[in-house]
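Enquirer: Test case, fold it:
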Amino acid sequence: MVTVGLVEDPSKLRASEGRLSWIHALDLKRFHIELTMTMPTLEEALRGTGSLRQPDVWIARSNDITRCSRWQRFFGEPSGDGKHSVKPIVALCGGEREEIGEVLRRGVAAVVQVCDSPWHLAAAIHSAAALDLFVSPPALREYRRDVIDLFSSTEETTLDSLTEREREVLTCLAHGMSNPMIAAHLHITRATVGSHVLRILRKLDASNRTEAAAIAHSLGLVGNRRSSG
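Expert: Next up is the predicted model:
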């Protein structure tokens, strides 16, 4: 059974902020969760739990967490293993990207949104108790492209950032063609080639043409085609 502390001040909440009171209506025990404590603020929870058994997990709105400078004291200083720098806190967010990023940077273990189901909340609580990371599935779905990029190989991520025309220019560049040669080969103007080269250098974070060519070779972009005069 995972015990939970809830941070909620009904007298100060506006409906638009996302109330936590609906949690009381859930049959938490069916999820092996027990709500043992409710505090109006994190500061009062910090002061009021000194002589009481600390809940395994705290649930609080994201702005309560970001406003409290001492909430880390609930769980002591981070240990050196990395995992224990994550705190067993479930943050309730509205779903904005910046909001989610801010609470994750502060070390919360789990992020749920107001729209999440009881099953999502239960999963978040158990993940937080185990000091594992949990992020609201609707949020992950919304930022699916970012998640894919995060877990993609460097080659896929780098090549995906280039347009088809930029890949053609990079391939020519890697074969040692000058800008005039690339322009003639691709039937575009020299000015257009220059613009493509600048964008390629920026996207590949390359300092010059030689470095960009080396990246193209390392990514396997260059085949057996030879440059023509």
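
Enquirer: Just grab the bridge partners of the residue nearest to residue 7 when sequence neighbours are not counted for me.
Expert: What sits nearest to residue 7 in space, not counting adjacent residues and going by CB to CB, 6 or more residues apart in numbering, is residue 60, at 3.8 Å. Where C-beta positions appear, they are placed from N, C-alpha and C, glycine not excepted. Bridge pairing for residue 60 (DSSP bridges) gives the partners residue 91.

Enquirer: and residue 60, what does it touch?
Expert: 6-7, 42, 89-92 (CB atoms under 8 Å, 6 or more residues apart in numbering).

Enquirer: which one among the residues you listed gets closest to residue 109?
Expert: Taking CB to CB as the measure, residue 109 sits nearest to residue 89 out of the contacts of residue 60, at 6.2 Å.

Enquirer: In three-state terms, label the closest one for me.
Expert: When classified by DSSP: H, G, I helix; E, B strand; the rest coil, residue 89 comes out as strand.

Enquirer: Can you give me every residue that contacts the residue nearest to it when sequence neighbours are not counted?
Expert: Excluding the flanking residues, the one nearest residue 89 by CB to CB, 6+ apart is residue 108, at 4.4 Å. With contact taken as CB under 8 Å, 6+ apart, residue 108 is in contact with 65, 86-87, 89-91, 128.

Enquirer: can you count the residues close to residue 8?
Expert: Using other CB atoms under 10 Å as the criterion, residue 8 is surrounded by 20 other residues.

Enquirer: Isn't it up against residue 37?
Expert: No: because the distance of 10.8 Å does not satisfy CB atoms under 8 Å, residue 8 is recorded as not touching residue 37.
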